[in-house]
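Q: Build me a model from this:
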Amino acid sequence: MIEIQNTIVSFDVIERRFLCDLLSCKGACCVEGDGGAPLEKDEIKKLEELVDIVKDDLSDEAKAVIAEQGVSYVDIEGDDVTSIVDGKECVFTYKDENGFVKCAIEKAYREGKTDFMKPISCHLYPIRLKKIGNDMVGLNVHKWEICKCARQLGAKEDLPVYKFLKEPLIRRFGEEWYAELELVIGELKKQGMVK
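A: As a prediction, the model looks like this:
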């Protein structure tokens, strides 16, 4: 583990390889699992504001869930997460013309309808953040069987997780933090501590 500012970064972030392979998984990460995507407190209000913008892309089932319980709920671990339909897919998903599951929020962002891209936990996947004490955040790589194809493609392309996730890491922690991460990784490579 390495410490960068107020974060503790697992060596997995540096050494594991990852590259989403949408052609293989078809967006399964937005459907599979036993809960919604983790949310930061300020994101709930943003999601509530986005419902009217993305509603035309949402399924009738998703709209019903949102009307009944809202855009989020508290899971069994006490964390705020996105609401889900039938214990599976996120309420903000839609299927494109090829049957791939995608994020309606990200679609609205790419169309210039909002400045909010999607929850940071979605953007950062496979990195998961864990609060440590009052002011530290741990960064770990989550290993999920449905992302096996992404690990294989990442290995083939030799793309480390931190490089694959450069944009969301900068979004969450800033340019200075990312530059410091790259500097530390460079030093660790010189010392042969990471590959």
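
Q: Which residue, other than its chain neighbours, is closest to residue 185?
A: Leaving aside its sequence neighbours, residue 185 sits nearest to residue 14 (C-beta to C-beta, 6 or more residues apart in numbering; 5.6 Å). The way it works is simple: take the backbone N, C-alpha and C, and place the C-beta from them, glycine included.

Q: does residue 105 sit in a helix or strand, and which one?
A: Assessed by DSSP states H and E, residue 105 sits inside helix 104-110.

Q: what about the residue nearest to residue 185, which SS state?
A: Counting by DSSP: H, G, I helix; E, B strand; the rest coil, the backbone at residue 14 sits in helix.

Q: Quick check: it touching residue 164?
A: No. The criterion here is C-beta atoms under 8 Å, and residue 14 misses it with residue 164 at 11.7 Å.

Q: Report the buried residues of the helix holding residue 105.
A: The neighbour-count check on helix 104-110 (16 or more other C-beta atoms under 10 Å) flags 104, 105, 106, 107, 108, 109 as buried.

Q: Closest one of those to residue 155?
A: residue 106 (25.9 Å; C-beta to C-beta).

Q: Thought residue 116 was touching that closest one, still the case?
A: No. Residue 106 lies out of contact with residue 116 (C-beta under 8 Å); the separation is 9.4 Å.

Q: Return the residues in contact with residue 7.
A: By C-beta atoms under 8 Å, 6 or more residues apart in numbering, residue 7 lies in contact with 136, 137, 138, 139, 173, 177.

Q: now residue 152
A: Counting by C-beta under 8 Å, 6+ apart, residue 152 touches residue 21.

Q: Check it and give its pLDDT.
A: At residue 152, the model reports a pLDDT of 96.

Q: so residue 49 is in which element?
A: helix 41-54.

Q: packing partners for that helix?
A: strand 80-82, helix 104-110 (3 or more C-beta pairs under 8 Å, 6 or more residues apart in numbering; DSSP states H and E).
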